[in-house]
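Engineer: got a sequence here, can you build the structure:
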Amino acid sequence: EVQLVESGGGLVQPGGSPRLSCAASGFTFDDYAMSWVRQAPGKGLEWVSTLNWNGRKTDYAESMKGRFTISRDNAKNTLYLQMNSLKSEDTAEYYCAKDTGSYPDRAYDAWGQGTQVTVSS
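Structural biologist: Here you go, the predicted model:
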């Protein structure tokens, strides 16, 4: 059974730099691209970032470029999202998602339960 378990969210001050983690199990982690997707209160899902199976190809939503960094440790079956310079508009539930292939395809076949990030002073 595929499982994705996010952690690292919480209450963060504006300008803060939390790191989200996603522990993966139940599939061959380094065979797949992985992504982060978020959902702000009252809004739809918003794609955040994706990286390919070996982490050498990354892509970010325009508003996250230069502030967020996606990475992975295939030896630990773990995906990360380093978030810097957080703003109130980054408040959202952040989900880890498994892409359907080795390279980014914006199609997902497994999701984590999410971790809430609230940016507030």
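Engineer: so which residue is smack in the middle of the protein?
Structural biologist: Central residue of the chain (C-alpha atoms, centre = their mean): residue 36, 2.7 Å from the mean position.
Engineer: and the gap between that one and residue 80?
Structural biologist: For residue 36, the distance to residue 80 (C-beta to C-beta, to the nearest Å) stands at 9 Å. Heads up, the C-betas are built off the backbone N, CA and C, glycines and all.
Engineer: ok, now which ones touch the residue nearest to the centre of the chain?
Structural biologist: Taking C-beta atoms under 8 Å, 6 or more residues apart in numbering as the contact definition, residue 36 lies against 20, 22, 48-50, 70, 79, 81, 94-97.
Engineer: returning to that earlier point: what touches both of residue 36 and residue 80?
Structural biologist: Contacts common to residue 36 and residue 80, judged by C-beta under 8 Å, 6+ apart, are 20, 22, 70.
Engineer: neighbour-wise, give me the winner out of these.
Structural biologist: Within the shared contacts of residue 36 and residue 80, neighbour counts (other C-beta atoms under 10 Å) peak at residue 22, which reaches 25 neighbours.
Engineer: so what's the nearest residue to residue 3 once chain neighbours are set aside up against?
Structural biologist: Nearest residue to residue 3 in three dimensions, chain neighbours excluded: residue 25, at 4.8 Å (C-beta to C-beta, 6 or more residues apart in numbering). With contact set as C-beta under 8 Å, 6+ apart, residue 25 has these partners: 2-3, 77.
Engineer: show only the entries of those found in helices.
Structural biologist: Among the contacts of residue 25, DSSP state H puts none in helices.
Engineer: okay, the residue sitting furthest away from the middle of the chain: pLDDT?
Structural biologist: For the chain, the residue at maximal distance from the C-alpha centroid (C-alpha atoms, centre = their mean) is residue 121, at 23.3 Å. What the model reports for residue 121 is a pLDDT of 92.
Engineer: fine, thanks again, bye for now.
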